[in-house]
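1. Got a sequence here, can you model it:
(one chain, ligands or ions: 1)
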Amino acid sequence: MTEEIYDIAIIGGGPVGMFAAFYAGLRNTKVILIESLATLGGQVTALYPEKTLLDVAGFAGVTGENFIKALNEQLALFPVEIRTSTTVDDVKEHNNLFIISTSNHQKIVSKTIIIATGKGAFEPRKMQIAGVDDLVGQGVHYFVKNKEDFRNRDVAIVGGGDSAVDMATMLNNVTQSTTIIHRRNHFRAMEQSVQKLSESTVIQETPKRVIEVSKKYNGQLELTLSHVKDNQMINTITVDDLIVSYGFISESKTIQSWQVKPQQENFSFNVNQKMQTNIPGVFSIGDANHYDGKSDLIAVGFGEAPIAVNAAIRHFDPHRGGPGHSSSLSI
Ligand SMILES: Cc1cc2nc3c(=O)[nH]c(=O)nc-3n(C[C@H](O)[C@H](O)[C@H](O)COP(=O)(O)OP(=O)(O)OC[C@H]3O[C@@H](n4cnc5c(N)ncnc54)[C@H](O)[C@@H]3O)c2cc1C
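-> Below you'll find the predicted structure:
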């Protein structure tokens with residue numbers, strides 16, 4: 001049996017990999033999209049399905065879940081082979097083809113590769129207070145999957161970045177009370193989000209840090225708050241839930257052991273203006289890549305996706321024209 005050879009293999013089914021796969025389908029290539037997790041959507045699906053995205057072109061505001069739903073609908077317009085629950089363990093080069101090995105023992109052969117693995121597998125940065133991790137599932141949370149879980153509850157959120165601030169204003173619509181605790185007076189979030197927070201009824205406990213979390217006899221959590229400088233106790237607050245929003249750390253160990261491993265800087269692949277890495281035929285887009293001026297935003301990754309796909313097509317078929325405009329196609 002002759003082996004199937006794909007034109008383009010996209011590794012990583014986050015929003016950027018999904019859009020690249022759609023665009024590769026639009027350009028009539030034989031494309032495969034490979035994703036570690038059981039569902040597509042990357043960070044959006046795994047980390048913030050309930051959050052409202054405001055900075056994606058064409059949406060005046062869309063929840064993470066609905067945004068990925070729309071991407072899935074777009075992806076279904078053209079034939080794209082999709083393999084979920086499949087981690088790429090290794091990539092080798094042989095006779096100008098790339099041989100991809102996966103965790104579930106598949107071998108996938110492709111003329112080009114687009115790496116859209118984000119920052120690799122991600123996990124939340126933990127709260128370094130003894131006993132807190134034992135309370136996960138008993139009031140302490142690192143993920144918010146469904147804001148309805150917090151309806152009519154007293155909720156505290158620790159953190160001062162975009163996700164903490166957005167989470168506070170989002171949950172405040174359903175909670176009984178929402179408190180945000182941050183060790184600085186200023187939040188490190190988008191100006192619009194900080195303004196929204198200051199105009200809301202969210203209680204701000206700043207600049208303070210949580211030094212102790214204990215479970216009360218009635219199941220609620222008592223948080224002891226202190227000065228940042230000397231850890232001297234200031235006050236305690238009692239809540240039903242504590243959401244830790246200190247951001248995420250990612251690991252890209254799997255990718256480090258690939259035989260075809262393009263040049264990296266801080267675990268991101270260096271690319272040129274065509275999104276090509278230092279290895280011909282290997283491209284990288286989205287949070288996985290790096291160049292001067294790069295921003296890790298979906299809108300930026302969406303711009304990179306067609307650039308990479310068109311460059312990949314020129315790599316295996318230098319005579320092929322295009323790209324044309326999608327408006328000239330009849331679907
Ligand atoms: C809390 C939070 C809020 C955010 N809010 C916004 C926002 O409002 N607007 C905005 O533009 N951006 C936002 N971002 C950033 C945005 O989510 C990322 O820029 C975006 O997800 C990058 O998409 P991606 O497809 O490049 O990577 P990812 O979404 O990280 O997807 C990469 C995918 O690759 C898969 N993968 C990794 N390694 C392998 C492997 N070896 N084999 C197979 N699959 C693999 C992963 O499982 C993952 O699904 C936010 C991020 C966070 C954490």
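2. Return the distance of stretch 294-309 from the chain's centre.
-> On the basis of C-alpha atoms, centre = their mean, to the nearest Å, the separation between the geometric centre of stretch 294-309 and that of its chain is 14 Å.
3. buried residues in that stretch?
-> Taking 16 or more other C-beta atoms under 10 Å as the basis for neighbour counts, the residues of stretch 294-309 that come out buried are Ile298, Val300, Gly301, Phe302, Glu304, Ala305, Pro306, Ile307, Ala308, Val309. Glycine gets a C-beta too; all of them are placed from N, C-alpha and C.
4. so which of those would you say is closest to the ligand?
-> Distance from the ligand was checked for each of those by C-beta to the nearest ligand atom. The minimum falls on Ile298, at 3.6 Å.
5. Is that closest one in contact with Met18, as I believe?
-> No - between Ile298 and Met18 no contact is recorded; they are 10.4 Å apart, counting by C-beta atoms under 8 Å.
6. can you count the residues close to the residue of the stretch 101-250 of the chain at minimum distance from the ligand?
-> Going by C-beta to the nearest ligand atom, the ligand is nearest to Gly118 of the stretch 101-250 of the chain, at 2.1 Å. Burial of Gly118 is recorded as 23 neighbouring residues (other C-beta atoms under 10 Å).
7. From what I see, it and Gly14 are in contact.
-> Yes - counting by C-beta under 8 Å, Gly14 is a contact partner of Gly118 at 5.2 Å.
8. what residues does the chain put near the ligand?
-> Where proximity means C-beta under 6 Å from any ligand atom, the interface of the chain facing the ligand comprises 11-17, 34-37, 42-44, 47-48, 53, 55, 87-88, 116-118, 120-121, 162-163, 248, 254-255, 286-288, 296-299, 301.
9. Just the buried residues of stretch 44-64, please?
-> Taking 16+ other C-beta under 10 Å as the basis for neighbour counts, the residues of stretch 44-64 that come out buried are 44-53, 56, 62-64.
10. Equivalent analysis for stretch 190-204, please.
-> When neighbours are counted by 16+ other C-beta under 10 Å, the buried residues of stretch 190-204 are found to be Ser193, Val194, Lys196, Leu197, Val202, Gln204.
11. ok, of these, which one's closest to Gln264?
-> Minimum distance to Gln264 across the buried residues of stretch 190-204 is 31.2 Å, recorded for Ser193 (C-beta to C-beta).
12. Look up phi and psi at the residue of the stretch 201-331 of the chain at minimum distance from the ligand.
-> For the stretch 201-331 of the chain, the nearest residue to the ligand under the criterion C-beta to the nearest ligand atom is Gly286, separated by 2.2 Å. Backbone geometry at Gly286, expressed as degrees, to the nearest 10, gives phi 70, psi -160.
13. before we move on, the earlier item: any chance of the buried residues of stretch 44-64 in CSV, plus pLDDT and distance to Asp241?
-> Below are those laid out as CSV (pLDDT from 0 to 100; distance: C-beta to C-beta, whole Å):
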residue, pLDDT, distance to Asp241
Val44, 93, 23
Thr45, 89, 22
Ala46, 83, 20
Leu47, 81, 18
Tyr48, 83, 17
Pro49, 85, 18
Glu50, 81, 14
Lys51, 87, 17
Thr52, 90, 20
Leu53, 94, 24
Val56, 96, 29
Val62, 96, 26
Thr63, 93, 20
Gly64, 93, 20
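14. Among those, which lie within strands?
-> In strands, judged by DSSP state E, the following of the buried residues of stretch 44-64 are found: Thr52, Leu53, Val62, Thr63.
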